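Chemist: All I have is the shape, not the residue letters:
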Ligand SMILES: O=C(O)/C=C/C(=O)/C=C/C=C(\O)C(=O)O
Ligand SMILES: [Fe+2]
């Protein structure tokens with residue numbers, strides 16, 4: 001039994017609206033280094049904490065958390081499409097353990113996921129099917145949202161379950177840090193879009209999918225020109241958040257409410273709850289040391305873009 005963590009921001013805008021070549025090369029270097037560390041760890045099981053952007057989870061039934069027993073990626077923004085390699089019996093055992101620990105996660109035997117899940121699997125493992133993966137959805141955009149505390153407890157429960165396996169387990173987290181791309185909000189959209197958010201968007205017509213992607217791309221171009229056209233990035237908050245994880249102070253975030261977090265760092269920053277869950281899972285294996293910390297605000301991707309890895313400290317002799 002051993003564990004490893006890697007948390008990485010995602011962006012659907014890579015390849016569409018890119019930063020300067022030296023920034024792109026810097027990010028590529030960060031991802032390459034993480035991929036090498038993960039390859040050396042050679043995971044036998046991945047638990048991937050990630051959000052959705054109204055591509056797989058809708059307001060017909062919106063869970064705070066959902067564990068996939070089977071899953072497929074839709075391939076939005078040119079990310080990989082197709083089934084993930086979900087080990088069903090292990091996922092069922094994980095879900096049971098989470099409920100037994102008092103965290104009421106939903107389950108799905110037909111989970112539909114978007115770039116939030118596909119991108120880290122592609123970038124860090126080389127594809128959707130390279131390693132058995134249990135997908136764990138954390139609702140990060142559709143209010144009402146779960147709290148930092150519940151995300152931490154979810155992670156701790158999964159960490160305790162993983163610790164009892166005789167496996168090398170990699171915890172991945174996808175998303176964040178400060179950012180607010182133009183994801184629709186139920187309270188602000190017209191009837192047609194509300195219907196999409198309530199479930200008819202599960203199979204989006206191609207022209208609507210294209211229009212939706214174009215809207216995000218246009219918003220990114222405008223944000224580069226005018227940082228006040230969207231909620232501004234917040235590098236100071238992002239660094240403070242990374243410090244909290246590095247120092248194992250996930251509990252300190254419990255008292256930060258969701259409205260306060262949105263005001264600090266934008267309405268999509270709730271994706272960082274995936275990072276809290278992943279680090280909480282690792283903490284079940286004891287004290288840890290971090291590695292590969294990276295941060296840069298990248299307006300072209302509407303993102304405070306970061307990475308942070310960690311592994312348990314070796315036991316004292
Ligand atoms: O405008 C829409 O309908 C959809 C927008 C997105 O899917 C935006 C996603 C952006 C991210 O994943 C991100 O975390 O920046
Ligand atoms: Fe996202």
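Modeler: Okay, I see it. From a predicted model like this one, the values you see are computed outputs, not experimental measurements. Residues are numbered from 1 along each chain as shown. Ligands and ions are numbered 1, 2, ... in the order given.
Chemist: When you work out contacts or count neighbours from here on, use the C-alpha atoms and nothing else.
Modeler: Fine.
Chemist: who's in contact with residue 13?
Modeler: 77, 216-217, 220, 300-301 (CA atoms under 8 Å, 6 or more residues apart in numbering).
Chemist: So which of these reach ligand 1?
Modeler: With CA under 6 Å from any ligand atom as the criterion, those include residue 216 near ligand 1.
Chemist: Show me the contacts of residue 13 that map onto helices.
Modeler: Within the contacts of residue 13, residues falling in helices by DSSP state H are 216-217, 220.
Chemist: Okay, and the closest residue to ligand 1 within the stretch 201-317 of the chain sits in which element?
Modeler: Closest contact between the stretch 201-317 of the chain and ligand 1, by CA to the nearest ligand atom, is at residue 212 (4.8 Å). Element membership for residue 212 (DSSP states H and E) is helix 206-225.
Chemist: Now do the buried residues in that helix.
Modeler: 213, 216-217, 219-224 (16 or more other CA atoms under 10 Å).
Chemist: For the helix or strand following it, buried residues please.
Modeler: The element immediately downstream of helix 206-225 (helix or strand, assigned by DSSP H and E) is helix 235-246. For helix 235-246, a neighbour-count test (16+ other CA under 10 Å) marks 235, 237-239, 241-242, 244-246 as buried.
Chemist: for stretch 259-276, same thing?
Modeler: Neighbour-count burial for stretch 259-276, counted by 16+ other CA under 10 Å, picks out 261-262, 264-276.
Chemist: Please enumerate residues in contact with it?
Modeler: By CA under 8 Å, 6+ apart, stretch 259-276 touches 7, 49-51, 138-141, 148, 151-152, 155, 172-181, 231-234, 237, 245, 250, 258.
Chemist: try stretch 191-198
Modeler: 54, 58-60, 186, 201-202.
Chemist: Now for those residues: which two are most distant?
Modeler: Farthest-apart pair in these is 186 and 202; separation 15.5 Å (CA to CA).
Chemist: How about residue 258, nearest residue that isn't a chain neighbour?
Modeler: The spatial neighbour of residue 258 that comes closest, neighbours along the chain excluded (CA to CA, 6 or more residues apart in numbering), is residue 147 at 6.6 Å.
Chemist: tell me the centre residue of the chain?
Modeler: For the chain, the residue nearest the mean C-alpha position is residue 174 (2.6 Å; CA atoms, centre = their mean).
Chemist: quick one, what contacts that residue?
Modeler: Residue 174 makes contacts with 7-10, 48-51, 116-117, 120, 271-272, 274-275, as judged by CA under 8 Å, 6+ apart.
Chemist: can you tell me how far it sits from ligand 1?
Modeler: According to CA to the nearest ligand atom, to the nearest Å, residue 174 and ligand 1 sit 9 Å apart.
Chemist: likewise residue 61?
Modeler: 18 Å.
Chemist: mind checking which helix or strand that residue is in?
Modeler: For residue 61, there is no helix or strand it lies in under DSSP H and E.
Chemist: and what of residue 24?
Modeler: Residue 24 belongs to helix 21-41, assigned by DSSP H and E.
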